[in-house]
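In: Any chance you could fold what I've pasted below:
(chains A and B)
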2 protein chains.
Amino acid sequence: MRIALDAMGGDLAPRSTVCGALAAAKENSAITVVLVGDEQAIRSHMPGEMPANIEIVHTTEIIEADDEPVRAVRRKKDSSLVVAVSMSGDKKVDAAISAGNTGALMTAGLLYAKRMEGIERPALAAYIPNRKGRVTLTLDVGANMDAKPAHLVQYAVMGSLYAEKVLGFERPTVGLLNVGTEEAKGNDLTKTVFPLLKEADLNFVGNVEARDVMEGACDVLVCDGFVGNVLLKSIEGAASTIFSVLKQEFTSSLINKVGAAILKPALVRFKKNMDYAEYGGAPLLGLGSPVIKAHGSSGEKAIKNAILSAARFVNHDVNTVIQQALLTSMKESE
Amino acid sequence: MRIALDAMGGDLAPRSTVCGALAAAKENSAITVVLVGDEQAIRSHMPGEMPANIEIVHTTEIIEADDEPVRAVRRKKDSSLVVAVSMSGDKKVDAAISAGNTGALMTAGLLYAKRMEGIERPALAAYIPNRKGRVTLTLDVGANMDAKPAHLVQYAVMGSLYAEKVLGFERPTVGLLNVGTEEAKGNDLTKTVFPLLKEADLNFVGNVEARDVMEGACDVLVCDGFVGNVLLKSIEGAASTIFSVLKQEFTSSLINKVGAAILKPALVRFKKNMDYAEYGGAPLLGLGSPVIKAHGSSGEKAIKNAILSAARFVNHDVNTVIQQALLTSMKESE
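Out: Numbering: from 1, shown residues only, chains lettered A, B, ... in the order given. I've put the predicted structure just below:
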């Protein structure tokens, strides 16, 4: 199996991407990682000889985090991100991964990996850590801003199959993000979607409130891209603010520093559990070939995990499974 | 000035409401607090003689937290919540406060306090604590699920005036909750609202991402009620989950307990800063007479603060100021 990795994408690239690729290639020799990026920069982070299951595809351009996505993808055709995704679209590799510009990855995905048959809008999924020690696969978190009811049903089907095949959740529970748990709650979109999800062949557990997401109320959470983005960034922001303020408090006096030193292992363990970068990349579901978004701040371990989860995506042939499920459900609703 | 307080509403009522009312009445003798609820229950929490600026209006029914709002307001006409709000609508008091069922309070507000002229949809505002040590007044957080662009502009005007008059923020900054900071970002609603806010007579600072809200990116944050509810509950949920897990970690061994004991003052101070119940009640803006929602878990101090902020609401005649501003802006756009 061959997986293309955008070696230049992400805050810590290319050190993180090269080291993550080496770690994944070492752990699973069945995976060949194709590092796409500036060859010299890549090699500078590679100590000793290049392993047999690592390849380099040299590119000359880089899409930056603050580049305007559509323009960047159109203009920077020899960027590491575009080349990695187009290799996936051309079936030169089995999957592509990038920790770079999310908007550019979605744009490149639509342009080069195309859409799956019957999918109007692919969805960007994200992992939100929860107290049950697993993650809540949340989609869409920003690919599609004005979703229609049918889109959300497709997200539920795709997310459920991905959670089962790649994350290993048995009969994953599916929830609809809403402002209350009662069926009649919500806006026009959620009120229309609720009965559709109830009828679908899913383990639908009903509406889930935002405050219960991190308590692990469901395995797969469905929402429109605007709301999903707000949910994800609210949680990120709250966690980040809380940790910054705690850090400030914990270093405000000598005695507090002593207390913090005692608690350090507990704090580190806790932060690790809450850090979804640890769970590997999140997929763009509904594309013709697998494209995975790794967190922008991915370090070596997160990149390694993204590669290993991409391998499960490919091994379980998740795209074919999703495609068949969608065609079946479309036939049923005809 | 007379303020009606639903003495039976909230998780800790009637102890919290009676004690909070006593504290507020003691601090500001110009306020008469009318405790609305079961007289015997109210008196049981009142040690000694009743102060001159406390009154009781006896009611026989209670709207519970899990009652269906519309039905509860229609059927329980002698409930403490309905009677308190209708006293505000009938100008028997200057404002009404409840820490009870939010949906019921909104329903009773629309029914008994009516809408301000020109307001199609009143908004529920909430305080979100931020790192700058103040709060971000966020509206709407759930009164109106499918908002139109004009509604959001009205929220901005109302929120800005409230923040200035009641919270004491000078020329408060107004932000639009969105998925990115660039003008072109967002869904159909935010893309339409952005230029309207830019043109309005507001200190508009543009789009604000959910992750920057707690960093204090703006004083007043505008969004539709569905998204606002998700934002508020995501932050509440993240904070609650983080604190529960930390507590678990900090009590998991004797040595950790020692560390936690050292840090306890810092942790308590931190939790207090993050606790928006400390900031008093949040208003339902756009109603004909002032109605304030206190947090469901309000204790004595939060109730006291809600009464004092209701008094500022009344003293600054915020409803008249808002009404004039809206009529002026409606004339201008004619």
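
In: Just give the number of residues close to A:A184.
Out: Using other CB atoms under 10 Å in any protein chain shown, A:A184 has 9 neighbouring residues. (C-beta placed from N, C-alpha, C; glycine too.)

In: Mind pulling the model confidence for it?
Out: A:A184 carries a pLDDT value of 83.

In: just to confirm, which helix or strand has the closest residue to it other than its chain neighbours in it?
Out: Leaving out its chain neighbours, the residue that sits closest to A:A184 by CB to CB, 6 or more residues apart in numbering or on different chains is A:K191, at 7.1 Å. Element membership of A:K191 [criterion: DSSP states H and E] is helix A:188-199.

In: still on that earlier bit, these two touch, right, the residue nearest to A:A184 and A:G180?
Out: No. The criterion here is CB atoms under 8 Å, and A:K191 misses it with A:G180 at 11.4 Å.

In: Can you pull the residues that touch both of these two?
Out: Here A:K191 and A:G180 have no joint contacts, going by CB atoms under 8 Å, 6 or more residues apart in numbering or on different chains.

In: For the stretch 1-150 of chain A, which segments count as strands?
Out: For the stretch 1-150 of chain A, strands defined by DSSP state E, counting those that start in this stretch occupy the ranges A:2-6, A:32-37, A:54-58, A:95-98, A:123-129, A:135-139.

In: and the residue nearest the centre of chain A, what is it in contact with?
Out: In chain A, the residue lying closest to the centroid (CA atoms, centre = their mean) is A:A282, at 1.5 Å. A:A282 makes contact with A:L124, A:A125, A:A126, A:Y127, A:L137, A:I292, A:K293, A:A294, A:H295, according to CB under 8 Å, 6+ apart.

In: Helices along the stretch 201-334 of chain A, start to end?
Out: A:225-250, A:254-274, A:300-315, A:318-332 (DSSP state H, counting those that start in this stretch).

In: CA atoms of the last one as PDB?
Out: In this case it means helix A:318-332. The C-alpha trace of helix A:318-332 is given here as PDB (Å, rounded to 0.1, in the frame of the first residue of the first chain):
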ATOM      1  CA  VAL A 318     -14.000   2.000   3.400                       C
ATOM      2  CA  ASN A 319     -14.700   4.100   0.300                       C
ATOM      3  CA  THR A 320     -16.200   1.100  -1.500                       C
ATOM      4  CA  VAL A 321     -18.200   0.100   1.500                       C
ATOM      5  CA  ILE A 322     -19.500   3.700   1.800                       C
ATOM      6  CA  GLN A 323     -20.300   3.900  -1.900                       C
ATOM      7  CA  GLN A 324     -22.300   0.700  -1.800                       C
ATOM      8  CA  ALA A 325     -24.200   1.700   1.300                       C
ATOM      9  CA  LEU A 326     -25.100   5.100  -0.300                       C
ATOM     10  CA  LEU A 327     -26.200   3.500  -3.600                       C
ATOM     11  CA  THR A 328     -28.400   1.000  -1.600                       C
ATOM     12  CA  SER A 329     -30.000   3.700   0.500                       C
ATOM     13  CA  MET A 330     -30.600   5.800  -2.600                       C
ATOM     14  CA  LYS A 331     -32.300   2.900  -4.300                       C
ATOM     15  CA  GLU A 332     -34.500   2.300  -1.200                       C
END
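
In: From the chain's centroid, how far away is it?
Out: 21 Å (CA atoms, centre = their mean, to the nearest Å).

In: Okay, buried residues for that helix please.
Out: Residues of helix A:318-332 classed as buried by neighbour count (16 or more other CB atoms under 10 Å in any protein chain shown): A:V318, A:N319, A:I322, A:Q323, A:A325, A:L326, A:S329.

In: Surely the fourth one touches A:M116?
Out: Yes. If you go by CB under 8 Å, A:Q323 and A:M116 touch, sitting 5.5 Å apart.

In: residues shared between the contacts of these two?
Out: Common neighbours of A:Q323 and A:M116 (CB under 8 Å, 6+ apart) do not exist.

In: sorry, back to before: counting by contacts, list what the helix holding A:K191 packs against.
Out: Using 3 or more CB pairs under 8 Å, 6 or more residues apart in numbering or on different chains; DSSP states H and E, the elements in contact with helix A:188-199 are helix A:149-165, strand A:173-178, strand A:203-209.
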